[in-house]
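would you be able to build a 3D model of this:
(2 chains)
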Amino acid sequence: GQNIDQPTEMTATEGAIVQINCTYQTSGFNGLFWYQQHAGEAPTFLSYNVLDGLEEKGRFSSFLSRSKGYSYLLLKELQMKDSASYLCAVRPNSGGGADGLTFGKGTHLIIQP
Amino acid sequence: EPEVTQTPSHQVTQMGQEVILRCVPISNHLYFYWYRQILGQKVEFLVSFYNNEISEKSEIFDDQFSVERPDGSNFTLKIRSTKLEDSAMYFCASSRPGNEQFFGPGTRLTVL
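Numbers count the residues shown, from 1 in each chain, chains lettered A, B, ... in the order given. All right, here's what the predicted structure looks like:
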């Protein structure tokens, strides 16, 4: 089976840093993705990890530990527009083909002034 | 920047009717996907498509669903006999091999 867990909701302050955690148990693993989704809109790609370690991309960083089944998304210098849901998704299959993603329920991030 | 497009943005239908949702993937992408998101719930994978055939499908994608690439640009999802529980946002996505999937803006399907 596939199980992806992330906190339902988090609150942070404008200008601060927030870390959103994700743990997964899937039948296979070939990469972990983070997407941002504003209410009523499509998910937009933020980051991708397939090897252990940290990937940095501007204000966003993502970390992966395959042995622990754990990832986090780090958002720095928070802005009001970062208020959104953040979706953790795993690509369970071996890759090379059109592999569907398994999504977590998403973390609703609220940024306060 | 190229993007995935979907039509219509909103579709209202009666239970038991057939609907066709349309998508135009990014032109140099080879892999196409359909996902759905019931209001307030997580994004769920339905089906993926490559080289004019289904590559993978989930348990949700039963005999009521079908996909087609009728020409060189469009990718469609058909629901033959809609049920109330089919009401959801349907997202099309496309990707290059092994890369991130880009999502379209979605079609909100309401079944009455």
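
close to chain B: what parts of chain A are there?
By the rule C-beta under 8 Å from any C-beta of the partner chain, the part of chain A lying against chain B is A:33, A:35, A:41-45, A:48, A:87, A:89, A:93, A:95-106. (Glycine included, C-beta is placed from N, CA and C.)

swap in 7 Å and give it another go.
Selection of chain A residues close to chain B by C-beta under 7 Å from any C-beta of the partner chain yields A:33, A:42-43, A:45, A:48, A:87, A:95-106.

tell me the secondary structure for the closest residue to A:Val18 other than its chain neighbours?
Nearest residue to A:Val18, sequence neighbours excluded (C-beta to C-beta, 6 or more residues apart in numbering or on different chains): A:Ala12, at 4.0 Å. Three-state assignment for A:Ala12 (DSSP: H, G, I helix; E, B strand; the rest coil): strand.

give the contact list for A:Ala12.
A:Val18, A:Leu78, A:Leu109, A:Ile111 (C-beta atoms under 7 Å, 6 or more residues apart in numbering or on different chains).

just the buried residues of the residues of chain A next to chain B.
Neighbour counting over these (16 or more other C-beta atoms under 10 Å in any protein chain shown) leaves A:33, A:42-43, A:45, A:48, A:87, A:98-106 as the buried ones.

return the member of those residues nearest to B:Arg69.
Distances from B:Arg69 to those, taken as C-beta to C-beta, are shortest for A:Ala98 (12.3 Å).

the closest one against B:Ser55, yeah?
Yes: look at A:Ala98 against B:Ser55 with C-beta atoms under 7 Å: they come within range, at 3.9 Å.

quick check: neighbours shared by those two?
Taking C-beta under 7 Å, 6+ apart as the contact rule, A:Ala98 and B:Ser55 both touch B:Ser48, B:Phe49.

how close does the residue nearest to A:Val18 sit to chain B?
Counting by C-beta to the nearest C-beta, to the nearest Å, the separation of A:Ala12 from chain B is 22 Å.

quick one: secondary structure of A:Ser67?
Under the three-state scheme (three-state DSSP), A:Ser67 adopts coil.

which residue is the nearest non-sequential neighbour of it?
Leaving aside its chain neighbours, A:Ser67 sits nearest to A:Asp52 (7.7 Å; criterion: C-beta to C-beta, 6+ apart).

just give the number of residues close to that neighbour.
11 (other C-beta atoms under 10 Å in any protein chain shown).

now swap in the one 5 residues further on and tell me
Neighbour count of A:Lys57, defined by other C-beta under 10 Å: 11.

what residues are up against it?
A:Lys57 sits next to A:Ser47 when contact means C-beta under 7 Å, 6+ apart.

partner residues bridging it?
A:Phe60 (DSSP bridges).

A:Tyr70 now?
Assigned bridge partners for A:Tyr70, using DSSP bridges, are A:Thr23, A:Ser65.

so it makes contact with A:Thr23?
Yes: taking C-beta under 7 Å as the definition, A:Tyr70 is a contact partner of A:Thr23 at 5.3 Å.

anything in contact with each of these two?
In contact with both A:Tyr70 and A:Thr23: no residue, using C-beta under 7 Å, 6+ apart.

interface residues of chain B facing chain A?
So far as C-beta under 7 Å from any C-beta goes, chain B lies against chain A at B:31, B:33, B:42-43, B:45, B:48-50, B:55-56, B:58, B:91, B:97-98, B:100-106.
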